[in-house]
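Chemist: sequence and computational prediction follow.
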Protein chains: 2
Amino acid sequence: MKVLVADDDADLRDLIGFTLSQAGYLVIKAGDGPAALKRFAEETPDLIVLDINMPGLTGFQVCEAIRQRSRAPVMMLTVRGEEEDLVRALDLGADDYLNKPFSPRTLLARVKALLRRAGMESSAPLAAGRVTLDLEEYTARIGSGAPVRLTKLELRLLQMLLANAGHTVNSDRLLVQVWGHRSGGDRQLLKQLVHRLRQKIEANPAAPTLLLTAAAGYKLIVD
Amino acid sequence: MKVLVADDDADLRDLIGFTLSQAGYLVIKAGDGPAALKRFAEETPDLIVLDINMPGLTGFQVCEAIRQRSRAPVMMLTVRGEEEDLVRALDLGADDYLNKPFSPRTLLARVKALLRRAGMESSAPLAAGRVTLDLEEYTARIGSGAPVRLTKLELRLLQMLLANAGHTVNSDRLLVQVWGHRSGGDRQLLKQLVHRLRQKIEANPAAPTLLLTAAAGYKLIVD
DNA sequence: GCACGGCGTAACCGGTTTGTCACCGACCGG
DNA sequence: CCGGTCGGTGACAAACCGGTTACGCCGTGC
């Protein structure tokens, strides 16, 4: 599930990005209006988080442009008390809004609700490099090969790696994301899970080319 | 277009009522939970505005009860900062919410957005693929076969699957939509209901061709 | 009061998934 | 050279899951 986050405040953008990617969404970022439209066209995200105040084009203009091409849900970030903005945003087809400041938890709940409402919950496949994930079917496809059936844990692991494709993901973080709790000692589980996943997605599991071991974690190769 | 407004604060109720009726909606009012359910049953409104804090039954309980009978959009009125409430409301199937205090203009914009959204969704027919549902008669017809009588729960389950025909519907979501209560360990119920429904609609219930088990849920086959 | 349908609950079965253990080779500092 | 750590691997058992059968409760209609 791809989410485009457009905000000129780099800190806020990163906070939102971190929150969403922790939850398993693939995050695409843009720092101004034109960039947002560009990334939107390139990536066709499933949901857009838009700050109203941005250089180049305002969130309003971006929202309007997006609405002409897509019905993907749009969440606007507004400043508390600017009701005019709010009404205007909703009139332009925004689906929800969030008053700044907001907590990551709230953001996540709203994003989930929005996706559920849009029925988009798990329809569009998640992809990076040669790996495509179908969350609905619990399958992965490598390049143009046949889809492989994954288990719940394998899916979650691959989803995490995919959400951070090209970058090493720390083992501890994987443990937390895949199993939910569990403290550091349980590397064995991760070891096994990686092994099982490699059996399914690697052409030669003994010499991985996709899911590589990196210092302190694993990474998914993207090119 | 009928809107049910349930709030124990008479002033607020009147304000909302006035705003909506000015905008051309037919407004029905209720001052507590039980009254809200009563008016809901009598009037079958197209949208419900629900305060969370009400005597008799809370907005949560009312929302839950309404969701068991209807998919009409529900807007909850919440107190700012009560995030637990918010998350719970959305989990119970509320479609939107508004933080108090809010301006009439905001309310109107949100109500319009909600109805517009629901209007799009309500265009979904009660048939998909070879399955046709008759909500009045409590029957389903498969292809050109004879109509089969369904029970209330079976109907609701099939309705949910039909609304997302061709796509997997998550078990948790089915649980919430069909029974209202939160997921928990009640998979057994769903298991049974699916089984019973398959007995009725599948030519060979042991080898389903319509209602398939998918990872994490069930799906209705459309082609 | 009785039969019946609807529905919640429990128990069982077979297949899959996941947790655990034991072992291997590679690497590393002493 | 030696013990220790680390990632990878195979094997196995425990837990889980979906389908199924069976049973019991309860409200409805006769």
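Modeler: Structure received. If you're wondering where the values come from, they're calculated on a predicted model, not measured in any experiment.

Chemist: what are the ranges of the strands in chain A?
Modeler: In chain A, the segments counted as strands under DSSP state E are A:2-6, A:26-30, A:47-51, A:74-79, A:96-100, A:126-128, A:131-134, A:139-142, A:148-149, A:169-170, A:211-214, A:217-220.

Chemist: tell me what angle the first one forms with strand A:26-30.
Modeler: Orientation of strand A:2-6 against strand A:26-30 (axes from the mean of the first three to the mean of the last three CA atoms, to 10 degrees) gives an angle of 20 degrees.

Chemist: got a list of contacts for strand A:2-6?
Modeler: A:13, A:16-17, A:20, A:25-33, A:35-36, A:39-40, A:43-51, A:54, A:59, A:62, A:111, A:124, A:126 (CB atoms under 8 Å, 6 or more residues apart in numbering or on different chains). The way it works is simple: take the backbone N, C-alpha and C, and place the C-beta from them, glycine included.

Chemist: switch the strands of chain A over to TSV; also include distance to DNA strand C.
Modeler: Compiled in TSV, the strands of chain A are given as follows (distance: least, CB to the nearest atom of the strand, whole Å):
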stretch	distance to DNA strand C
strand A:2-6	25
strand A:26-30	22
strand A:47-51	27
strand A:74-79	32
strand A:96-100	33
strand A:126-128	18
strand A:131-134	15
strand A:139-142	11
strand A:148-149	6
strand A:169-170	18
strand A:211-214	11
strand A:217-220	16
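
Chemist: possible to save the ones you listed as JSON lines with mean pLDDT and distance to B:Thr132?
Modeler: Converted to JSON lines, the strands of chain A look like this (pLDDT from 0 to 100; distance: least, CB to CB, whole Å):
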{"stretch": "strand A:2-6", "mean pLDDT": "91", "distance to B:Thr132": "35"}
{"stretch": "strand A:26-30", "mean pLDDT": "85", "distance to B:Thr132": "38"}
{"stretch": "strand A:47-51", "mean pLDDT": "93", "distance to B:Thr132": "33"}
{"stretch": "strand A:74-79", "mean pLDDT": "86", "distance to B:Thr132": "35"}
{"stretch": "strand A:96-100", "mean pLDDT": "80", "distance to B:Thr132": "34"}
{"stretch": "strand A:126-128", "mean pLDDT": "76", "distance to B:Thr132": "34"}
{"stretch": "strand A:131-134", "mean pLDDT": "90", "distance to B:Thr132": "29"}
{"stretch": "strand A:139-142", "mean pLDDT": "92", "distance to B:Thr132": "30"}
{"stretch": "strand A:148-149", "mean pLDDT": "94", "distance to B:Thr132": "32"}
{"stretch": "strand A:169-170", "mean pLDDT": "88", "distance to B:Thr132": "48"}
{"stretch": "strand A:211-214", "mean pLDDT": "92", "distance to B:Thr132": "46"}
{"stretch": "strand A:217-220", "mean pLDDT": "92", "distance to B:Thr132": "45"}
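
Chemist: and stretch A:209-223, how far out from the chain middle?
Modeler: 19 Å (CA atoms, centre = their mean, to the nearest Å).

Chemist: and it, is it in reach of DNA strand D?
Modeler: Yes: contact of stretch A:209-223 with DNA strand D (CB under 7 Å from any atom of the strand) involves A:213, A:216.

Chemist: pretty sure A:Gln61 is touching A:Gly33, no?
Modeler: Yes: between A:Gln61 and A:Gly33 there is a contact under CB atoms under 8 Å: 6.3 Å.

Chemist: what about the helices in chain A?
Modeler: All helices of chain A, identified by DSSP state H, fall at A:10-22, A:33-43, A:59-69, A:83-91, A:104-117, A:152-163, A:171-179, A:187-201.
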